[in-house]
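**Q** no sequence for this one, just the structure:
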């Protein structure tokens, strides 16, 4: 069995606001193993960003971690000193952000930025340059040696994101967190980058946590998927099985809303009626019950637990065992 | 069927910021052609989708139709009458016939105006004193399915979906014949994007509105558009009825766009046509067929000969020297 690189265990995170504590994450658990790509799906406000920020420990000052642990190769990151945390970031834990224009330094050349990342590696300027060159070529950048001298604004959007991926993988991190890395790209480029990422991961063998709201991209790239809603994990499991036969009504309704899943021209497109619950004043029962099409009285009074089965799937629904 | 919008060979060019530098860099003209010879027609009550990637000129096309940028050539007719080429300095009566929904729904509303003020403004500009603007604002809110309590809210108090409904209401205030919707679902969650599209198609049926929708989301095009046009470097490389184009794309770029659309259902992933490289710069347009630098099926003559528009069937046109084979004829 491959090593568990990241294990988030019963994590609860809140933000102190004037109205009270906004419970952004509640009892969230997930695992990413080496050599595996786990997709994290959810719509705005589901807690994806809070989860990532908790893993890399870049949290706002009004954040309150009330319970749980974030284990990276067995070590709880939440109890680590800031010094040790800094040593991990960029080296063993790397990130690719949604917008490469804001995550790259605009006043330093790509080559300079790539050399800076390697400050802990042995070797002189020439070796560092050679390693940067090799990495840029591996993410499919043409004329890589020329590109090393360019600044971010001289690169196209697709090329910038490739450079960001090259930088993130430079130190061969055990875990790569990719936060919507293809959302800002065009369709034909998105596919190119996804295929490249998959090939690189097969080569390096690291673990990837891939955040996206694009169900098609998750299906194509990931081995397992975790679906979040309003700060909770509502379903998880192997991506094919979850998308073929979802057990949580939210997953089912979300898949049905994807216009790509409807072949015949539909004049009226399906939606999920209703809005997210107020995370400061949460309902007592299931978080999805107000928008659910099969809610019963138990859903209003009792919060369903995320029940896992032997098949590696789990769903937080009272009726998960008997999907309609 | 009445034609609401007719565009023939429309050209839009932007001047170079540094004309001398551009000339020294080998450019023949001190301008950049952004829209290059676009022709289209939209009939009453119909929807045309313009599909293309960033930088293909979709938004510039929309702005030229709105009169927000001057055109450099060609002709635009709205309900039969030609519109002047440079309309920027005139308060044009055309503005009432063509309305636009902008890409950023919150950014396109003034942060200092309430929803009521924003909805009343078109009436105050175009029909001052003749109409009770506040009553009209209330009517428009009801039209897009929002309660009267929204009238006193400011843009920052609206969700993305609600702001888009206000955008629709504002665009429809003066009862235009044509609505231009620039990326109407960009940035919306999947669970509510259907809501905005359902609202648009519902209003279209009730009001007989024509819609030009600009998008890069092919999944929605299939459901909302009667016809579609595929744009690449400022030209339409293929256009026709949407069902026909999805079934039977002739241009390799159309096919590549369709196949670059990951689906959560593996049975729907068509054999993928992979493109290499990136979109060329508008300042250095490739010779011959402008798609040849990325086309997987490129032949020698593509690098030299500019393909002309070929009519495959009435309304279905493409510009390719070596088009894809048509699929097997459908059963009657």
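**A** Received, thanks. What you see is a predicted model; the values in this text were computed from it and never measured.

**Q** Would you map the helices across the stretch 51-200 of chain A?
**A** For the stretch 51-200 of chain A, helices defined by DSSP state H, counting those that start in this stretch occupy the ranges A:82-88, A:100-103, A:110-117, A:125-138, A:144-147, A:157-169, A:187-204.

**Q** swap in the stretch 1-150 of chain B?
**A** B:19-24, B:58-66, B:115-126, B:133-143.

**Q** what about the ones you listed, which gets the closest to residue A:101?
**A** Of all those, helix B:58-66 sits nearest to residue A:101, with 19.0 Å by Cβ to Cβ. For glycine as for every other residue, the C-beta is placed from the backbone atoms N, C-alpha and C.

**Q** need the helices of the stretch 1-150 of chain B in a markdown table with mean pLDDT, mean neighbour count and distance to chain A, can you?
**A** Below are the helices of the stretch 1-150 of chain B laid out as a markdown table (pLDDT from 0 to 100; neighbours: other Cβ atoms under 10 Å in any protein chain shown; distance: least, Cβ to the nearest Cβ, whole Å):
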| stretch | mean pLDDT | mean neighbour count | distance to chain A |
| --- | --- | --- | --- |
| helix B:19-24 | 79 | 12 | 16 |
| helix B:58-66 | 89 | 22 | 12 |
| helix B:115-126 | 88 | 20 | 18 |
| helix B:133-143 | 88 | 18 | 18 |
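
**Q** shaky segments in the chain?
**A** All of this refers to chain A. Within chain A, the stretches with pLDDT under 70 are A:1, A:322-324.

**Q** my bad, the chain I had in mind was chain B
**A** For chain B, the ranges with pLDDT under 70 are B:1, B:87-94, B:128, B:266-270, B:327-332.

**Q** residues in it within reach of chain A, list them.
**A** B:53-54, B:159-160, B:189-195, B:197-198, B:201, B:216-220, B:222-223, B:243, B:256-257, B:260-266, B:268-269, B:272, B:274-279 (Cβ under 8 Å from any Cβ of the partner chain).

**Q** how about 6 Å then?
**A** Residues of chain B found near chain A (Cβ under 6 Å from any Cβ of the partner chain) are B:53-54, B:189-192, B:194-195, B:197-198, B:201, B:219-220, B:223, B:256, B:260, B:262-264, B:275, B:278.

**Q** Stretch A:114-130: which residues count as buried?
**A** A:114, A:115, A:117, A:118, A:128, A:129 (16 or more other Cβ atoms under 10 Å in any protein chain shown).

**Q** contacting residues for the third one?
**A** Under the criterion of Cβ atoms under 6 Å, 6 or more residues apart in numbering or on different chains, the contact partners of residue A:117 comprise A:167, A:170.

**Q** how much space between the residue lying closest to residue A:116 once chain neighbours are set aside and residue A:117?
**A** Leaving aside its sequence neighbours, residue A:116 sits nearest to residue A:108 (Cβ to Cβ, 6 or more residues apart in numbering or on different chains; 7.6 Å). Distance, residue A:108 to residue A:117, by Cβ to Cβ, to the nearest Å: 11 Å.

**Q** Residue B:116 now?
**A** Residue B:116 is 53 Å from residue A:117, by Cβ to Cβ.

**Q** So which residue is smack in the middle of chain B?
**A** Nearest to the geometric centre of chain B sits residue B:214, at 2.8 Å (Cα atoms, centre = their mean).

**Q** same thing with chain A?
**A** Short answer for chain A (Cα atoms, centre = their mean): residue A:211, at 2.7 Å.

**Q** State the phi and psi torsions of that residue.
**A** Dihedral pair for residue A:211: phi -100, psi 130, per degrees, to the nearest 10.

**Q** of the buried residues of stretch A:114-130, closest to residue A:289?
**A** Looking across the buried residues of stretch A:114-130 and measuring by Cβ to Cβ, the closest to residue A:289 is residue A:117, at 46.9 Å.

**Q** Residue B:190: what's its closest spatial neighbour, skipping adjacent residues?
**A** residue A:257 is the one closest to residue B:190 (Cβ to Cβ, 6+ apart), at 4.9 Å.

**Q** Around that neighbour, count how many other residues there are.
**A** 22 (other Cβ atoms under 10 Å in any protein chain shown).

**Q** pretty sure it contacts residue B:189?
**A** No. Contact criterion Cβ atoms under 6 Å: residue A:257 and residue B:189 do not qualify, at 8.8 Å.

**Q** ranges for the strands of chain B?
**A** Using DSSP state E, the strands of chain B run over B:3-15, B:31-43, B:47-51, B:73-78, B:81-82, B:98-101, B:178-182, B:210-215, B:227-232, B:235-241, B:310-313, B:316-318.

**Q** Okay, domains of chain A per the record?
**A** The record's domain parsing of chain A by automatic domain parsing lists A:4-92+A:171-315, A:105-170.

**Q** Identify the bridge partners of residue B:179.
**A** residue B:99, residue B:211 (DSSP bridges).

**Q** mind checking how far it is from chain A?
**A** 17 Å (Cβ to the nearest Cβ, to the nearest Å).

**Q** Now do the contacts for that residue.
**A** For residue B:179, the contacting residues are B:99, B:171, B:209, B:211, by Cβ under 6 Å, 6+ apart.

**Q** Just send those back as JSON lines, with neighbour count too.
**A** Output for the contacts of residue B:179, formatted as JSON lines (neighbours: other Cβ atoms under 10 Å in any protein chain shown):
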{"residue": "B:99", "neighbour count": "23"}
{"residue": "B:171", "neighbour count": "23"}
{"residue": "B:209", "neighbour count": "23"}
{"residue": "B:211", "neighbour count": "24"}
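
**Q** Can you tell me which of the residues you listed comes closest to residue B:84?
**A** The closest of those, once distances to residue B:84 are taken by Cβ to Cβ, is residue B:99, at 18.8 Å.

**Q** hang on, the earlier thing: so what's the backbone phi/psi at the residue nearest to residue B:190?
**A** The phi/psi pair for residue A:257 (degrees, to the nearest 10) is phi -80, psi -20.

**Q** Count the residues that sit near residue B:194.
**A** Neighbour tally, residue B:194, other Cβ under 10 Å: 24.

**Q** so what's it up against?
**A** A:257, A:269, A:270, A:271.

**Q** now swap in residue A:221 and tell me
**A** Residue A:221 neighbours (Cβ under 6 Å, 6+ apart): A:37, A:194.

**Q** And for the one 5 residues further on?
**A** Residues in contact with residue A:226, defined by Cβ under 6 Å, 6+ apart, are A:30, A:40, A:233, A:236.

**Q** Ok, residue B:196 next?
**A** Residue B:196 touches B:164, B:184, B:185, counting by Cβ under 6 Å, 6+ apart.

**Q** swap in residue B:150?
**A** Residues counted as contacts of residue B:150 (Cβ under 6 Å, 6+ apart) are B:115, B:141.

**Q** Surely residue A:30 is in contact with residue A:8?
**A** Yes. Counting by Cβ under 6 Å, residue A:30 touches residue A:8, with 5.0 Å between them.

**Q** What residues does the stretch 51-200 of chain A have near chain B?
**A** Checking the stretch 51-200 of chain A against chain B by Cβ under 6 Å from any Cβ, the hits are A:156, A:158, A:186, A:187, A:188, A:191.

**Q** any idea how far the fifth one is from residue B:261?
**A** Looking back up the chat, that one is residue A:188. Look at residue A:188 and residue B:261: by Cβ to Cβ, they are 10 Å apart.
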